[in-house]
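> here is the input, now give the coordinates:
(2 chains)
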Protein chains: 2
Amino acid sequence: MISQKMEGLIKNSSVIRAMFEEGARRRKIYGDENVFDFSIGNPSVTPPEQVRQTITQILQDENPLTVHGYMNNSGYEDVRRTIAGHLNAQHGGSLDTQNIVMTCGAAGGLNIILKTLLNPGDEVIVFAPFFGEYANYVSNFDGRLVVVNTDPQTFLPDIDALRDAVTAKTKAVIINTPNNPTGVVYPASLLQQMASVLTQKEQEFASSIYVISDEPYREIIYDGVQVPYILDYFRNAFIGYSYSKSLSLPGERIGYLVVHPDMDDISNIVSALNVANRILGFVNAPSLFQKVVANILDVQVNVDIYRENRDLIYGKLTELGFECVHPQGAFYLFPKSPLADDKEFCEFAKNYNLLLVPGSSFGCPGHFRLSYCVSKEQILRSFPAFEKLAEALKR
Amino acid sequence: MISQKMEGLIKNSSVIRAMFEEGARRRKIYGDENVFDFSIGNPSVTPPEQVRQTITQILQDENPLTVHGYMNNSGYEDVRRTIAGHLNAQHGGSLDTQNIVMTCGAAGGLNIILKTLLNPGDEVIVFAPFFGEYANYVSNFDGRLVVVNTDPQTFLPDIDALRDAVTAKTKAVIINTPNNPTGVVYPASLLQQMASVLTQKEQEFASSIYVISDEPYREIIYDGVQVPYILDYFRNAFIGYSYSKSLSLPGERIGYLVVHPDMDDISNIVSALNVANRILGFVNAPSLFQKVVANILDVQVNVDIYRENRDLIYGKLTELGFECVHPQGAFYLFPKSPLADDKEFCEFAKNYNLLLVPGSSFGCPGHFRLSYCVSKEQILRSFPAFEKLAEALKR
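Below you'll find the model as predicted:
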């Protein structure tokens, strides 16, 4: 009796549940400390103490009818003004209140953008490997996902392949940097090349092609790498931001969109985002946490903990012969699968109580994803298991 | 460049914004205290002090990684178990964890139900007058809204009209009791009649017709009226609940769905709701507030304040000759428009700084909605304006 679209989707989700249940089964048999779950991108670093302090302060000082009440569907005006000012101070630019829409995380933000933009059949380009949910978000509004490959050595988008993929029906390009699952950060030179392709194609097709930059990992970066500011490269750009990782608040569903001030059709787009937030049922981003994040814009989780994890696990895996791009951000490794079939490899790894995700789930077979947002202890405890796995693979 | 669907929607929203701006303009000219905004359904009664206490307690006692972290897309297991137990204790029944899905308010809940159920062209029945957002929620998933009239004397659904409206394509019926905008509570006898029509039609068409009961006003009731428990009447029933009104937390986007344990196809539906919550971008209901509401299930705002407002404004309007059904719940009056054209009437009322909403916005022309979730002072101050309005209408 459920819809046809959902029928396909729940089959897929039962695969994920099966993996989860397999983990639980193994933990029961082998003990929690002997099962090494590297499958889930759930922040492991504690939220900064300022989160708690700020909540307490707001509840003490402000009128509860305002703190917990309705506001404009795009969010509290003062919160949006504060975030716009913060971004201007960091990156330059002239963002204003109307360029910020508070959203239920980046997932909510991406959905209201796609609701705003897509007519059925419109095309949205993503680069493989990509966060699998993009396929669902595009399908929600009957768009067509177009997958473009990246360079297998660097996981950076293949510019020629991008040029070939753009058609008159291309409405948007989703980029995600720092990237889930590769940890790669797109350099400025690449963004310039992408911008020049898109500008040329917009002229060729007399169209607007919007770049949607999904940036939940913007602050989760290492080794002093710079994450270029997308608005400097694309005029038709949205940024989808989330505090899920930078403040370890994934359950609170708080984030925002940035809308480039010079975007085509900006006035209609800003209105449409507001309406989409309302009618998709978000109504507004959770109110208390809008106020919380606006109060602590300079605060972040301790990224050193993730960096230390990265160094440990990257060091161990490459020592064992795994081939892997060195990640500069996010909290994932995306090594080559030692077996041609990445699903078979992840099944095989389970024999060593190592839970990993096949690259196929990210549109990129022949690899696997390892999430190192886990305790340092888990990483260290897992080393003998990886050693045995590597040993077994040699046979 | 925005989608065709959104083009129509932002036109509509600009009408609402125009109304809002007209209010702001008048406040500037006449002073805040001389403009009487009865247009918005925004709770005016302060959230109970227990909300603040509970937040503080949770932040003090629990691990912040859990409080603000990801959980199952349907919500924390313990929260869902607690709510199921609470409902069983109140109403009888055998709800279990799997029958509760935590949602981003009732709006989020209704959207994930419709995403779960609707194929393009499927029909969803609503009863006029109805909350205008239902039309958008149904349109989000390409369903077709079918509007059935109510008895103009009582605003209770016309059972014969319902029988005539059900077709083989009817997938769902949305009911809303206590009702926005009429304040009417559906009696048990009516629900029995509806159930018998739907059961007969399900047999006739070999279909499942789901009842979606939107219940944000379940606790906002007066005069000891009983709100029948929908699961006692319809086997294929969902309840969409929200804490927006009962705890005055509309900005926090916290509510839940109840799924009848004996519903057709329940296992697929429960899985699909979980997936829909994720892929529409809600991911999960805000985590801290899931824990807050589960801790204070017996707590509610002081409904006496709304009742006192109702008595004051209902008394005054009927004294002035307005015809109006006596509302037993929610915080709205829905009187007959003294002018044949309800939009014209609401325009005319603006001359007296009275901001009201035309019944047309609820699919029911010839009436207007007055929200009495305002301060008692505003109601008392508005009486001379209503008197002048009534006087002018006599001329």
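> residue A:231 is in contact with residue A:237, isn't it?
Yes. The criterion here is C-beta atoms under 8 Å, and residue A:231 meets it with residue A:237 at 5.5 Å. For glycine as for every other residue, the C-beta is placed from the backbone atoms N, C-alpha and C.
> now do the shared contacts for those two.
A:258, A:260 (C-beta atoms under 8 Å, 6 or more residues apart in numbering or on different chains).
> what is the rounded mean pLDDT of whichever strand or helix holds residue A:23?
Here residue A:23 sits within helix A:4-30, counting by DSSP states H and E. Average pLDDT, helix A:4-30: 85.
> can you spell out which helices and strands pack onto that helix?
strand A:354-355, helix B:266-279 (3 or more C-beta pairs under 8 Å, 6 or more residues apart in numbering or on different chains; DSSP states H and E).
> need those in a markdown table with distance to residue A:205, mean pLDDT and mean neighbour count, can you?
Below are the helices and strands packed on helix A:4-30 laid out as a markdown table (distance: least, C-beta to C-beta, whole Å; pLDDT from 0 to 100; neighbours: other C-beta atoms under 10 Å in any protein chain shown):
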| stretch | distance to residue A:205 | mean pLDDT | mean neighbour count |
| --- | --- | --- | --- |
| strand A:354-355 | 45 | 96 | 21 |
| helix B:266-279 | 30 | 97 | 22 |
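> nearest to residue A:5 among those would be which one?
For residue A:5, the closest of these is helix B:266-279, at 9.4 Å, according to C-beta to C-beta.
> can you give me the helices for the stretch 201-350 of chain A?
Using DSSP state H, counting those that start in this stretch, the helices of the stretch 201-350 of chain A run over A:243-246, A:266-279, A:287-295, A:303-319, A:342-350.
> now what about the last one, what contacts it?
This points to helix A:342-350. With contact meaning C-beta under 8 Å, 6+ apart, helix A:342-350 is reached by A:22, A:26, A:337-339, A:355-360, A:365-368, A:389, A:392.
> can I get the CA coordinates of it in PDB?
What follows is helix A:342-350, C-alpha atoms only, in PDB (Å, rounded to 0.1, in the frame of the first residue of the first chain):
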ATOM      1  CA  ASP A 342      34.100  -3.900  -2.800                       C
ATOM      2  CA  LYS A 343      30.900  -5.500  -1.300                       C
ATOM      3  CA  GLU A 344      32.700  -8.900  -1.100                       C
ATOM      4  CA  PHE A 345      35.600  -7.200   0.600                       C
ATOM      5  CA  CYS A 346      33.400  -5.500   3.200                       C
ATOM      6  CA  GLU A 347      31.700  -8.900   3.800                       C
ATOM      7  CA  PHE A 348      35.100 -10.500   4.200                       C
ATOM      8  CA  ALA A 349      36.200  -7.800   6.700                       C
ATOM      9  CA  LYS A 350      33.300  -8.700   8.900                       C
END
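> measure how far that helix is from the centre of its chain, please.
Distance of helix A:342-350 from the chain centroid (C-alpha atoms, centre = their mean, to the nearest Å) equals 24 Å.
> okay, the angle between it and helix A:4-30?
20 degrees (axes from the mean of the first three to the mean of the last three C-alpha atoms, to 10 degrees).
> likewise for the fourth one?
Counting by the same axes, to 10 degrees, helix A:303-319 lies at 80 degrees to helix A:4-30.
> buried ones in helix A:303-319?
A:303, A:305-307, A:309-310, A:312-314, A:316-317 (16 or more other C-beta atoms under 10 Å in any protein chain shown).
> so which elements touch that helix?
Counting by 3+ C-beta pairs under 8 Å, 6+ apart, the packing neighbours recorded for helix A:303-319 are strand A:332-333, helix A:376-394.
> from what I see, residue A:371 and residue A:40 are in contact.
Yes. Counting by C-beta under 8 Å, residue A:40 is a contact partner of residue A:371 at 5.9 Å.
> the two: who's more crowded?
residue A:371 (23 against 15; other C-beta atoms under 10 Å in any protein chain shown).
> could you check the pLDDT of the more buried one?
Here, the pLDDT recorded for residue A:371 equals 96.
> what do you get for residue A:364?
According to the model, residue A:364 scores 97 on pLDDT.
> neighbours of residue A:189, how many?
Residue A:189 has 10 nearby residues by other C-beta under 10 Å.
> let me know the helix or strand that it is in.
According to DSSP H and E, residue A:189 maps onto helix A:188-205.
> so which elements touch that helix?
Looks like helix A:188-205 contacts helix A:159-165, strand A:170-175 (3+ C-beta pairs under 8 Å, 6+ apart).
> can you say which of these is packed in most?
Most buried of the helices and strands packed on helix A:188-205 by mean neighbour count (mean count of other C-beta atoms under 10 Å in any protein chain shown) is strand A:170-175; its value is a mean of 24.
> next one: that one to chain centre, how far?
15 Å.
> what's the angle from it to helix A:188-205?
170 degrees.
> what helices and strands are in contact with strand A:170-175?
Going by 3+ C-beta pairs under 8 Å, 6+ apart, strand A:170-175 lies up against helix A:105-117, strand A:123-127, helix A:188-205, strand A:210-214.
> can you rerun that using 10 Å?
With contacts defined as 3 or more C-beta pairs under 10 Å, 6 or more residues apart in numbering or on different chains; DSSP states H and E, the packing partners of strand A:170-175 are helix A:105-117, strand A:123-127, helix A:133-140, strand A:144-148, helix A:159-165, helix A:188-205, strand A:210-214, strand A:237-242.
> quickly run through the sheet partners of that strand, with directions.
strand A:123-127 (parallel), strand A:210-214 (parallel) (DSSP bridges).
> and that strand, what's its mean pLDDT?
Here the average pLDDT along strand A:170-175 is 98.
> what inclination does that strand have with respect to strand A:144-148?
Using the same axes, to 10 degrees: strand A:170-175 against strand A:144-148 is 50 degrees.
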